[in-house]
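Undergrad: return atomic coordinates for the entry below.
(chains A and B)
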Protein chains: 2
Amino acid sequence: MDYAMRNSRRSEVDPFIVMDVMDAARRAEAAGRKIIHMEVGQPGTPAPAEARAAAVREMDRQALGYTVALGLPELRLRIAKLYHDRHGLDLDPDRVIVTSGSSGAFVLAFTALFDSGDRICLGAPGYPSYRQILRALGLVPVIVNTAAGNRFQPTPENLTDGLSGLLIASPANPTGTMLDREAMASMIFAARERGMSVISDEIYHGIEYDRKAISALEISDDVYVINSFSKYFSMTGWRIGWMVVPSSHIRTLERLAQNMFICAPHISQVAARAAMECEDELQANLSVYIENRRLMLEGLPLAGFHNLAPPDGAFYVYAAVDSLTDDSRKFAAEILEHAGVAVTPGLDFDEARGGRTIRFSYARSSEDIQEGLERLRDFMGRN
Amino acid sequence: MDYAMRNSRRSEVDPFIVMDVMDAARRAEAAGRKIIHMEVGQPGTPAPAEARAAAVREMDRQALGYTVALGLPELRLRIAKLYHDRHGLDLDPDRVIVTSGSSGAFVLAFTALFDSGDRICLGAPGYPSYRQILRALGLVPVIVNTAAGNRFQPTPENLTDGLSGLLIASPANPTGTMLDREAMASMIFAARERGMSVISDEIYHGIEYDRKAISALEISDDVYVINSFSKYFSMTGWRIGWMVVPSSHIRTLERLAQNMFICAPHISQVAARAAMECEDELQANLSVYIENRRLMLEGLPLAGFHNLAPPDGAFYVYAAVDSLTDDSRKFAAEILEHAGVAVTPGLDFDEARGGRTIRFSYARSSEDIQEGLERLRDFMGRN
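TA: Numbering: from 1, shown residues only, chains lettered A, B, ... in the order given. Predicted coordinates:
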């Protein structure tokens, strides 16, 4: 044999740059440096104490084998109730599908809705894995540039012929902006009128500031909604999320989930169920984000980052740095090296324009955020 | 809008019948019946005690956020050592990729190696999710009928033109048969000479009876090997597995894993690392499988199941039931209803011929196996 096995064309996805930044930060820490983490989008807090306690109890009680593919019935029931509590909706628990994080939900949703070569509309800037997972599945992301004037959200005017799907996110990553009810309804109706399937990423629900996020389910039952326990419930590494699908799609999703995942991690399902009763601890986490957001919107301009979109939700500030660099990856590497602050280059979120943007995450402790802002101020002062 | 969102063509995968059988068995249990589980391929034992203890300790020690995409370095290192201990191989730990179960590994492997429409050769009978995941990813499973005379394993003569990949499994599900070194080498070389990529499913390694299983890595480095903590390490519901890939593929797999999974469950990685030091408990589990295999090979013929393939590994007996039925799904439903024993219809493993076969799993306690065999004897006596 004179040649080796080759990788497929569709596996040629871009790296998820934030993961590489995280790697570089860890190497610096292993070498003894203290790094302030404003790169990766995960809370510094663990899962709620009672969620961890429930996991410990269950480990002693049973073998924790496979669950049914759609998830533990009591967890699906409790998630359905969340839509009552948050949005006043009466949701059939059968429509709730427990997944291995929102990542697993995206793989299932894209597979369930689209065939090879189908074109799916996304706004840029946006969560990088949307387009990468689409490509890996043989699908075609159609990226539309959003405008700061539209708070970086797509509009019905962005929809064109030949699209099979639309993905919206509210609050969005990396900007934290939300679609209000009217804007979300007009996007969903415009897409459905064109025969497009609609997926709404609601992973940052629960982390909102001046007003509550709208769920796409308030507007239509004929959408896929994706959510997760990673952010509000502070359970990133547990890999546990969910989706809500139209009733007529449940059986298809069940078959796909049975084969592609078997089930979400059993212990994570148990912990997630318990996390949903930990409102006090979760609201305390939210208070930290509220304080951090205030610190960031005050401190970043003082450090020289003036062009910011104040977030409606999530825990990010997206900053234009075009007066400072046209190579955000190199700029982020310099910030890590000289300031010991890890930030994410905008290229992750916007291939075309992200060379001139940076995303700051403020999901860690307020002490960390304050120190990070001081370091950024020093770094920018030196430049 | 006068129509609803539709599912894709590639989402029209068959159900994973064993999961439906498991569901039916649970409903019977919920109604108060005692069911003997010979259907689903999972140990009745929990993760080793020390693995669970390590998980508990880690929950108190850190937030259990995302790990790096390829997995905790100490776990990858320890898995590499397993190939030294089991196969005398000196494996670069960088080639080990920690995955969300073998399911996650198959999704990654198929995505990394094949493009839409590529044809991948599989033997029937075989693990049903192979073909279902391939279809869901827009790939084409090419099923070859294996023969009892070849112990239900494919041979080089089964390979034809126009194939992009070959998937082999040893020990195989549902038959438990293994490829010996010569047979595995001839399959791998024949496939590679045709330019086909080769994936070796080694999930049942460690559960072997008269002789040790061969790893494809003993024959070539230019293969993908897939394994899991589900079976030998008794950790099904933890969703944790691994793959070994050629060095030149690591970065591609890292990018795919970053985007499609982010990482395998953190707590499961911690528990898996500890499970690898629990040899006494795992060998005790193995002793039970050895005893159960003896009970099955003695008891099934007494119950009237004569046409069996004695397994070399795994914990299954595949039985031809063509003298009893040509509808294995209905037959399995009757066994569940009348005998209270859950078994898997062969249709899961062999779409063409599985109407006349049944798979018995003997992964539970010996007491359960004995009671199951008695119930089967009674049931068959009544027919």
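Undergrad: convert stretch A:262-279 to CSV, retaining C-alpha atoms only.
TA: In CSV, the C-alpha atoms belonging to stretch A:262-279 read as follows (Å, rounded to 0.1, in the frame of the first residue of the first chain):
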residue,chain,number,x,y,z
ILE,A,262,-28.6,5.9,22.3
CYS,A,263,-29.3,8.4,25.1
ALA,A,264,-27.9,11.5,26.9
PRO,A,265,-25.6,10.7,29.9
HIS,A,266,-27.8,9.2,32.6
ILE,A,267,-26.2,10.8,35.6
SER,A,268,-26.4,14.2,33.8
GLN,A,269,-30.1,13.7,33.3
VAL,A,270,-30.5,13.0,37.0
ALA,A,271,-28.5,16.1,38.0
ALA,A,272,-30.3,18.3,35.5
ARG,A,273,-33.7,17.3,36.9
ALA,A,274,-32.5,18.3,40.4
ALA,A,275,-30.9,21.5,39.0
MET,A,276,-34.3,22.8,38.0
GLU,A,277,-35.3,23.1,41.6
CYS,A,278,-32.3,25.2,42.6
GLU,A,279,-33.7,28.6,41.7
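Undergrad: can you tell if that stretch touches chain B?
TA: Yes - counting by CB under 8 Å from any CB of the partner chain, contacts between stretch A:262-279 and chain B involve A:262-268. Glycine gets a C-beta too; all of them are placed from N, C-alpha and C.
Undergrad: can you lay out these as JSON lines showing pLDDT and neighbour count?
TA: Putting the residues of stretch A:262-279 next to chain B into JSON lines (pLDDT from 0 to 100; neighbours: other CB atoms under 10 Å in any protein chain shown) gives the following:
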{"residue": "A:I262", "pLDDT": "94", "neighbour count": "26"}
{"residue": "A:C263", "pLDDT": "96", "neighbour count": "25"}
{"residue": "A:A264", "pLDDT": "98", "neighbour count": "33"}
{"residue": "A:P265", "pLDDT": "98", "neighbour count": "29"}
{"residue": "A:H266", "pLDDT": "98", "neighbour count": "26"}
{"residue": "A:I267", "pLDDT": "98", "neighbour count": "27"}
{"residue": "A:S268", "pLDDT": "98", "neighbour count": "31"}
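Undergrad: quick one: which of those is nearest to B:M296?
TA: The closest of those to B:M296 turns out to be A:I262 (CB to CB; 24.4 Å).
Undergrad: which SSE is that closest one in?
TA: Using DSSP states H and E, A:I262 sits within no helix or strand.
Undergrad: and if you look at the one 5 residues further on?
TA: Secondary structure assignment for A:I267, by DSSP H and E: helix A:266-275.
Undergrad: that older thread, return the member of the residues of stretch A:262-279 next to chain B nearest to chain B.
TA: In terms of CB to the nearest CB, no member of the residues of stretch A:262-279 next to chain B lies closer to chain B than A:H266, at 3.3 Å.
Undergrad: now for the residues of stretch A:262-279 next to chain B, which pair is the farthest apart?
TA: A:I262 and A:I267 (14.5 Å).
Undergrad: give me the low-pLDDT residue ranges for the stretch 1-150 of chain A?
TA: Confidence mapping of the stretch 1-150 of chain A against pLDDT under 70 gives the ranges A:1-3.
Undergrad: mind listing the strands for it?
TA: A:36-37, A:96-99, A:119-124, A:140-145 (DSSP state E, counting those that start in this stretch).
Undergrad: among those strands, which is nearest chain B?
TA: strand A:36-37 (9.9 Å).
Undergrad: can you get me a residue count around A:T325?
TA: 18 (other CB atoms under 10 Å in any protein chain shown).
Undergrad: how many residues are close by the nearest residue in space to it that is not next to it in sequence?
TA: Using CB to CB, 6 or more residues apart in numbering or on different chains and skipping residues adjacent in sequence, the residue nearest A:T325 is A:F331, 4.1 Å away. Counted by other CB under 10 Å, the residues lying close to A:F331 total 21.
Undergrad: tell me who's in contact with A:A55.
TA: A:267-268, A:270-271, A:274, B:59, B:267 (CB atoms under 8 Å, 6 or more residues apart in numbering or on different chains).
Undergrad: among the residues you listed, which pair sits farthest apart?
TA: Spanning the widest gap among the contacts of A:A55 are A:A274 and B:I267, at 14.3 Å by CB to CB.
Undergrad: show me what the helix holding A:I267 is packed up against.
TA: If contacts are counted by 3 or more CB pairs under 8 Å, 6 or more residues apart in numbering or on different chains; DSSP states H and E, helix A:266-275 sits against helix A:49-61, helix A:73-87, helix B:266-275.
Undergrad: A:S8 reaches B:G117, doesn't it?
TA: No - taking contacts as CB atoms under 8 Å, A:S8 lies outside contact range of B:G117: 11.1 Å.
Undergrad: more neighbours: which of these two?
TA: Counted by other CB under 10 Å, A:S8 and B:G117 do not tie: A:S8 has more neighbours, with 21 against 11.
Undergrad: and that one, how close does it get to B:F114?
TA: In this structure, A:S8 and B:F114 are 5 Å apart, going by CB to CB, to the nearest Å.
Undergrad: got it, and A:F349?
TA: 29 Å.
Undergrad: same question, A:A109
TA: 21 Å.
Undergrad: can you count the residues close to the nearest residue to A:K34 once chain neighbours are set aside?
TA: Excluding its sequence neighbours, the residue lying closest to A:K34 (CB to CB, 6+ apart) is A:G340, at 6.3 Å. Around A:G340 there are 18 other residues, counting by other CB under 10 Å.
Undergrad: surely A:G340 and A:A31 touch.
TA: No - the pair A:G340 / A:A31 is not scored as a contact, 11.3 Å apart, by CB under 8 Å.
Undergrad: could you see whether chain B lies near stretch A:154-171?
TA: No - against chain B, stretch A:154-171 shows no contacts by CB under 8 Å from any CB, the least distance being 9.0 Å.
Undergrad: do me a favour and get the end-to-end distance for that stretch?
TA: 13 Å (CA to CA, to the nearest Å).
Undergrad: report the rounded mean pLDDT for that stretch.
TA: Taken as a whole, stretch A:154-171 carries a mean pLDDT of 97.
Undergrad: buried residues in that stretch, which are they?
TA: For stretch A:154-171, burial by neighbour count (16 or more other CB atoms under 10 Å in any protein chain shown) applies to A:154-155, A:158-159, A:163-171.
Undergrad: how about stretch A:358-369?
TA: Quick answer for stretch A:358-369 (16+ other CB under 10 Å): A:358-364, A:366, A:368-369.
Undergrad: state the mean pLDDT of that stretch.
TA: Here the average pLDDT along stretch A:358-369 is 96.
Undergrad: check stretch A:212-222 too.
TA: Regarding stretch A:212-222, the rounded mean pLDDT is 98.
Undergrad: between the two ends of that stretch, what distance do you get?
TA: End-to-end for stretch A:212-222, by CA to CA: 22 Å.
Undergrad: which helices and strands sit right next to whatever helix or strand comes next after the helix holding A:I267?
TA: Using DSSP H and E, the next helix or strand after helix A:266-275 towards the C-terminus is helix A:279-303. Helices and strands touching helix A:279-303, by 3+ CB pairs under 8 Å, 6+ apart, are strand A:307-309, strand A:316-320, helix A:366-382.
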